[in-house]
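>>> Sequence isn't available, so here's the structure alone:
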């Protein structure tokens, strides 16, 4: 022991500062401070870049940003979009008006018609005196569906029942002959019953239906309105294959 002060033993050399340790500590603190400053600078740059990216995203065309919760549910449309919607609404109203007119016209036709319904129709011209007989090509299926209306002094032929105007007409006073035709089998192997209407112009309308009752109704109505006698033949007196 070097010195004794009472009961306390003192070792002076034990408490001498270590310069090397302090230098290491200072160097470590300096590196830590530099690292923290670098990270802080990097975070600042990233924060600025992130904020800039967010602002770019929020400033995209047609994207509206509002901090108000009441405006979050609003849809903002461009002028072109508004005009397009207005055109669509106008077109829908026009179609509705057209369909309403079609239904009203059909209702009026059905109320005033003596007879109406869908028939398959084809036309043929009769040979004039001195001309050779016209060869009918039975292989050609030219039967077309038509909505036929017997109303007043006319027969009206509509392509569809909802058409506002007829595709063709026949004046009842022009009809000189009405008669039945042999029934036949169509491509679907269903029997069709037929009759014909002949005008004084030589135009012959051949009409057919899968319903015998419908054909008989047309024959009776036309003979009555045209004041023609029955040909005495049944509509299904023969079957042509």
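Done, it's in. Please read these numbers as outputs of a predicted model, since none were measured by experiment.
>>> can you pull out the helices in this structure?
According to DSSP state H, the chain carries its helices in the segments 19-58, 79-112, 212-225.
>>> which residues does the nearest residue to residue 150 once chain neighbours are set aside contact?
Spatial nearest neighbour of residue 150, chain neighbours left out: residue 115 (4.3 Å); criterion: C-beta to C-beta, 6 or more residues apart in numbering. Quick note: C-beta positions are derived from backbone N, CA and C, even for glycine. Listed by C-beta atoms under 8 Å, 6 or more residues apart in numbering, the contact set of residue 115 reads 149-150, 217-218, 221.
>>> now these as a markdown table including distance to residue 167?
Formatted as a markdown table, those follow (distance: C-beta to C-beta, whole Å):
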| residue | distance to residue 167 |
| --- | --- |
| 149 | 11 |
| 150 | 15 |
| 217 | 22 |
| 218 | 18 |
| 221 | 20 |
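>>> In PyMOL, select just the buried ones from the residues you listed.
The PyMOL selection below is limited to those of the contacts of residue 115 classed as buried (16 or more other C-beta atoms under 10 Å):
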select buried, resi 149+150+218
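>>> Could you identify the most distant pair in the contacts of residue 115?
Farthest apart among these by C-beta to C-beta are 149 and 217. That separation is 13.4 Å.
>>> what's the span of stretch 165-179 from first residue to last?
Using C-alpha to C-alpha, to the nearest Å, one end of stretch 165-179 lies 28 Å from the other.
>>> Residue 116 - nearest residue in space that isn't next to it in sequence?
Nearest to residue 116 is residue 149, by C-beta to C-beta, 6+ apart, at 4.4 Å.
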